[in-house]
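*Asks:* How does the following fold in three dimensions:
(one chain, ligands or ions: 1)
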Amino acid sequence: MKTKKIILFASGSGSNVENIANYFKLRKDVTICCVLTNKSDAKVIERCNRLEINALFFNRQAFSKSDFILNMLQSLEPDLIILAGFLWKVPEAITLAFPNKIINIHPALLPKYGGKGMYGMHVHNAVKEHKETETGITIHYVNAHYDEGAIIKQAKATVLPNDSAEDIASKVHQLEYEYFPKVIDEILLKQ
Ligand code: GAR
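*Replies:* Take a look at the predicted model:
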C-alpha cells in the first residue's frame with residue numbers, strides 16, 4: 001500500500017494540527033510530511049517539536065513573491081495540502097498547481113462570515129453580534145478566491161443567547177476536532 005503524504009499549513013496555536021496528528025498517529029498509510037507556518041513564533045511549532053513532526057517557517061518572499069514554496073510543494077508531491085488555521089491567502093500559482101488537492105477549514109457556515117479579515121475570533125465575535133442561533137464549520141476546497149471553493153462538509157452547533165464569543169469558539173473547535181480528520185481520511189481514501 002502506498003503511503004499517502006499530507007502537508008499542513010498553520011498560522012497560530014495549531015490545536016487542529018495536533019488533533020489531526022493524533023488521529024493519524026498509528027496509521028502507516030498516512031504520513032504528515034511537514035507543517036509549514038508563516039509565523040516564526042506560532043505555538044504550532046512547539047506542538048510539532050513535542051509531536052516530532054517536521055515544522056518549517058516561511059516568509060512572504062518564499063510564499064507569494066517567489067516560487068520557492070510552490071517548488072517545494074511540487075517536489076514533495078503531497079496527496080493533500082491542508083490549511084488548518086492558516087491565515088494567508090494562497091497564491092494562484094499554488095492553487096492552480098494543486099487543483100482539488102488543497103482544503104481549508106473555516107470556523108463558520110460559509111458563505112456566511114467568510115472572506116478577507118474573517119478568521120478566528122473575528123468570526124465568532126461577528127456571529128455573536130448578529131445574534132445568530134447557529135454557527136458551525138465549513139471544510140472546502142481552496143481556489144484563488146478566499147473561502148469560495150466547493151464545500152466538502154459543514155456541521156452545525158447551536159448558539160445560545162448567553163454564549164460568549166469564547167463559548168462559540170469552543171463549540172466550533174469541538175466540531176473541528178470531530179470532523180476535520182475524518183474528512184481528510186475520506187478524501188485520501190477516495191484518491
Ligand atoms: C480554527 O478555528 C480554524 O477554523 C480557523 O482558525 C482556527 C485555528 O485554530 N481558521 C480560520 O479562521 C481560517 N479563515 P487552531 O490553531 O487551534 O487549530
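
*Asks:* What residue in the chain comes nearest to the ligand?
*Replies:* G85 (2.6 Å; Cβ to the nearest ligand atom). Placement of C-beta: from N, CA and C, glycine included.

*Asks:* Number of residues surrounding that residue?
*Replies:* Neighbourhood size, G85 [other Cβ atoms under 10 Å]: 23.

*Asks:* can you pull the contacts of it?
*Replies:* By Cβ atoms under 8 Å, 6 or more residues apart in numbering, the contact set of G85 is A10, S11, G12, S13, G14, S15, N16, V17, V44, I105, G120.

*Asks:* what residues does this protein put near the ligand?
*Replies:* Within the chain, the positions adjacent to the ligand are 10, 12-16, 84-85, 105-107, 119-120, 123, 172-173, 176 by Cβ under 6 Å from any ligand atom.

*Asks:* Take those and, keeping just the buried ones, write it as a PyMOL select command.
*Replies:* Remark: buried members of the residues of the chain next to the ligand, expressed as a PyMOL selection using 16 or more other Cβ atoms under 10 Å:
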select buried, resi 10+12+13+14+15+16+84+85+105+106+107+119+123+172+173+176
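
*Asks:* residue nearest the centroid of the chain?
*Replies:* Centroid check for the chain by Cα atoms, centre = their mean gives A84 as the closest residue, at 2.0 Å.

*Asks:* Quick check: that one touching P107?
*Replies:* No: applying Cβ atoms under 8 Å as the test, A84 and P107 come out as separate, 11.3 Å apart.

*Asks:* where do the contact lists of those two overlap?
*Replies:* Contacts common to A84 and P107, judged by Cβ under 8 Å, 6+ apart, are absent.

*Asks:* Leaving out the residues flanking it, which one is nearest to the residue nearest to the centre of the chain?
*Replies:* N16 (4.1 Å; Cβ to Cβ, 6 or more residues apart in numbering).

*Asks:* surely that neighbour meets I105?
*Replies:* Yes: the pair N16 / I105 is scored as a contact, 6.7 Å apart, by Cβ under 8 Å.

*Asks:* between these two, what contacts are shared?
*Replies:* With Cβ under 8 Å, 6+ apart as the test, N16 and I105 both reach A84, G85, E176, F180.

*Asks:* Now render those as JSON lines, adding secondary structure and pLDDT.
*Replies:* Below are those laid out as JSON lines (DSSP: H, G, I helix; E, B strand; the rest coil; pLDDT from 0 to 100):
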{"residue": "A84", "secondary structure": "coil", "pLDDT": "98"}
{"residue": "G85", "secondary structure": "coil", "pLDDT": "97"}
{"residue": "E176", "secondary structure": "helix", "pLDDT": "98"}
{"residue": "F180", "secondary structure": "helix", "pLDDT": "98"}
